[in-house]
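S.K.: coords please:
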Amino acid sequence: MILAALDQAELFRHLHPGFDEAFAFMQQSSTRDLVPGKYEIDGDRVFAMVQEYVTKPESECDWESHREYIDIQYLVLGQEQMNSAPLDRLIDQSDYVTATDKISYRSALSPYSSLQVRAGQFTIFFPEDGHQACICSGTSEVVKKIVIKVKASAQCAHQTKNGE
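M.R.: Have a look, this model is predicted:
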C-alpha cells in the first residue's frame, strides 16, 4: 500500500509497466471535468473509473481485495478515510467474483492502518492489500475519485509494441 501526492508520481512510475499510463491519465488537467463512468486507457490492462459519491461511516463501508488488478485511487475533490490491512487480517471472506475481480470481507482484525486521503493524493493497493474506502473523515462529504485499475501481471500494449 502506498499513499502519496500526485506531484510525487515520478517516484512510483517504475514499479509497474502500467503505472506510467495511469499517472499520465491522472495528471491531465481535465480530471475535474470528467463525468462518472469508465475510461479506457490501455484496453483491459489499464482503465479508469470516475466516481462521485458521499462518504459514509466506516461501519457502512466494505473491505475488499482484488486478484487481477492493482487499484490506484486518486482523490480529485474532497477527502476520505481509507483503511488497509494484509489479507490474513481480514475475516468472513466472500467467494471471488471474477467479473468484478473482487473478494469482499465483513471486517478486519485490529490493528489495521487508517489513512486520511485528501484531494491531490492517491493510494495504491496491490493484490495483497485488503482495503476499505469511501469512509467519511469526520463528517460526510461529496468526493470525486478516479480509481485506475492496472492489470497486476500483464505488460501494457504500449510497452509491448515498443519492445520495452
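S.K.: tell me where the model's unsure across this protein.
M.R.: Scanning the chain for pLDDT under 70 picks out 154-164.
S.K.: try 90
M.R.: The chain contains residues with pLDDT under 90 at 29, 92-93, 110-111, 138, 153-164.
S.K.: which residues in it form helices?
M.R.: For the chain, the helices defined by DSSP state H occupy 19-26, 157-161.
S.K.: tell me the contacts of the residue nearest to Asp20 when sequence neighbours are not counted?
M.R.: With C-beta to C-beta, 6 or more residues apart in numbering as the criterion, Asp20 has its nearest non-adjacent residue at 5.0 Å, and that residue is Arg13. Heads up, the C-betas are built off the backbone N, CA and C, glycines and all. By C-beta atoms under 8 Å, 6 or more residues apart in numbering, Arg13 lies in contact with 19-20, 23.
S.K.: start to end distance for stretch 59-78?
M.R.: This stretch, stretch 59-78, spans 20 Å end to end (C-alpha to C-alpha, to the nearest Å).
S.K.: buried residues of that stretch, list them for me.
M.R.: 61, 63-66, 68-76, 78 (16 or more other C-beta atoms under 10 Å).
S.K.: start to end distance for stretch 35-49?
M.R.: With C-alpha to C-alpha, one end of stretch 35-49 sits 10 Å from the other.
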